[in-house]
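Chemist: Give the three-dimensional model of this entry:
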Amino acid sequence: MGSLIFTFIAKNAYWLCLFIGMVGLLGYIAGFKKGGRVSVFCVIIYWVVAAVCSAL
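Modeler: The predicted model follows:
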């Protein structure tokens, strides 16, 4: 079960982070101050996931 979730996240990390980042950016534009942090955090998480996946 755990490896199934990891495989799903590894294969779809780009689209997951893109969607979450866009929602955060739209929230920031709409006035939600933490939306910018969500977008930046999502980019960092994507880099970490991509690095871990390339190492495996």
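Chemist: Give me the contact list for stretch 44-51.
Modeler: Applying CB atoms under 8 Å, 6 or more residues apart in numbering, the external contacts of stretch 44-51 come out as 9-10, 13-14, 17. In short, each C-beta sits where N, CA and C put it, glycine included.
Chemist: who's in contact with the residue most central in space within the chain?
Modeler: Nearest to the mean C-alpha position of the chain, counting by CA atoms, centre = their mean, stands residue 17 at 2.7 Å. By CB under 8 Å, 6+ apart, residue 17 lies in contact with 42-43, 45-46, 49.
Chemist: returning to that earlier point: please indicate which of the contacts of stretch 44-51 are buried?
Modeler: Neighbour-count burial (16 or more other CB atoms under 10 Å) applied to the contacts of stretch 44-51 gives 13, 17.
Chemist: Reformat the contacts of stretch 44-51 as JSON lines; add pLDDT and distance to residue 25.
Modeler: Listed next are these as JSON lines, based on pLDDT from 0 to 100; distance: CB to CB, whole Å:
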{"residue": "9", "pLDDT": "76", "distance to residue 25": "21"}
{"residue": "10", "pLDDT": "78", "distance to residue 25": "24"}
{"residue": "13", "pLDDT": "83", "distance to residue 25": "18"}
{"residue": "14", "pLDDT": "82", "distance to residue 25": "16"}
{"residue": "17", "pLDDT": "85", "distance to residue 25": "12"}
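Chemist: Fine by me, we can end here.
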